[in-house]
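Asks: whatever this is, show me its structure:
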Amino acid sequence: MTVDNNALAQFEIYDFPGSYISTSPPERDHEIFLNSSGGGGGVVVIFVLDAQDEPYDVVLTSLVQILRRGTRVNPQLKAHVFINKVDGELFLSEEAKYDCRRDVVSLVQEEMAEYDMEDVEVAYFLTSIYDHSIFEAFSKVTQKLVPTLPTIESLCNVLVSRCNMEKVFLFDVVSKLYISTDSGPVDA
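Replies: Residues are numbered from 1 along each chain as shown. Have a look, this model is predicted:
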């Protein structure tokens with residue numbers, strides 16, 4: 001699927017089934033893991049992990065295998081792990097959410113160390129479809145794909161200072177993602 005709602009955020013989405021590693025030929029990796037659009041943003045893998053489906057070992061092994069194949073083709077590949085469904089009974093406290101995140105980070109780092117992949121950049125986000133966290137996580141990923149982000153952020157800073165605003169966000173209304181914001185802190 002191709003997403004091109006605006007000139008700043010255009011990307012292609014590939015959905016990897018659970019059997020991708022065992023059924024997909026390595027020749028297809030070039031098509032998927034190289035930036036075929038010609039844009040300057042690069043290639044990102046978003047791996048969605050169901051936080052309520054423990055143990056995570058097998059699923060995270062699949063993530064590392066996908067990253068192994070991807071980084072062979074594109075060493076600049078970046079990965080983002082969305083630890084999703086942190087809104088259920090298992091995660092009533094913030095501490096439980098962060099314990100889950102810490103466990104996932106630890107397992108991924110251990111697995112990647114086995115394959116000497118410590119230099120692969122992986123970001124982790126706790127997400128839920130029932131609050132803003134999924135939109136914020138996708139926004140952070142999208143921002144990494146926007147080559148003109150520093151310029152847009154500077155313009156947002158000018159807008160804040162000239163108009164005495166507290167905070168500025170540049171949204172893509174269709175996707176509900178924020179493309180940029182000024183450099184001031186966000187009140188939680």
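Asks: Asn84: how many residues sit nearby?
Replies: 20 (other CB atoms under 10 Å). All C-beta atoms are positioned from the backbone trio N, CA, C, and that covers glycine.
Asks: and it, how far from Asp50?
Replies: 6 Å (CB to CB, to the nearest Å).
Asks: what ranges does this structure have for its strands?
Replies: 2-4, 10-12, 44-50, 78-84, 122-127, 169-172, 177-181 (DSSP state E).
Asks: just the buried residues of the lengthiest helix in the chain, please?
Replies: In the chain, assigned by DSSP state H, the helix with the most residues is helix 94-114. Neighbour counts over helix 94-114 (16 or more other CB atoms under 10 Å) mark Lys97, Cys100, Arg101, Asp103, Val104, Leu107, Val108, Glu111, Met112 as buried.
Asks: and the closest residue to Tyr14 other than its chain neighbours, how many neighbours?
Replies: Distance criterion CB to CB, 6 or more residues apart in numbering; nearest residue to Tyr14, sequence neighbours excluded, is Ile32 at 5.4 Å. By the criterion of other CB under 10 Å, Ile32 has 19 neighbours.
Asks: would you confirm that Ile32 contacts Pro25?
Replies: No - if you go by CB atoms under 8 Å, Ile32 and Pro25 don't touch, sitting 11.3 Å apart.
Asks: return the residues in contact with the residue sitting nearest the centre point of the chain.
Replies: With distances taken as CA atoms, centre = their mean, His80 lies nearest the centre of the chain, 3.6 Å away. Each residue near His80 by CB atoms under 8 Å, 6 or more residues apart in numbering is listed here: Val44, Val45, Ile46, Phe47, Val122, Ala123, Tyr124, Phe125, Ala137, Lys140, Val141.
Asks: hmm, who's touching stretch 133-142?
Replies: Contacts for stretch 133-142 (CB under 8 Å, 6+ apart): 9, 11, 44, 46, 80, 82, 84, 86, 123, 125-128, 175-179.
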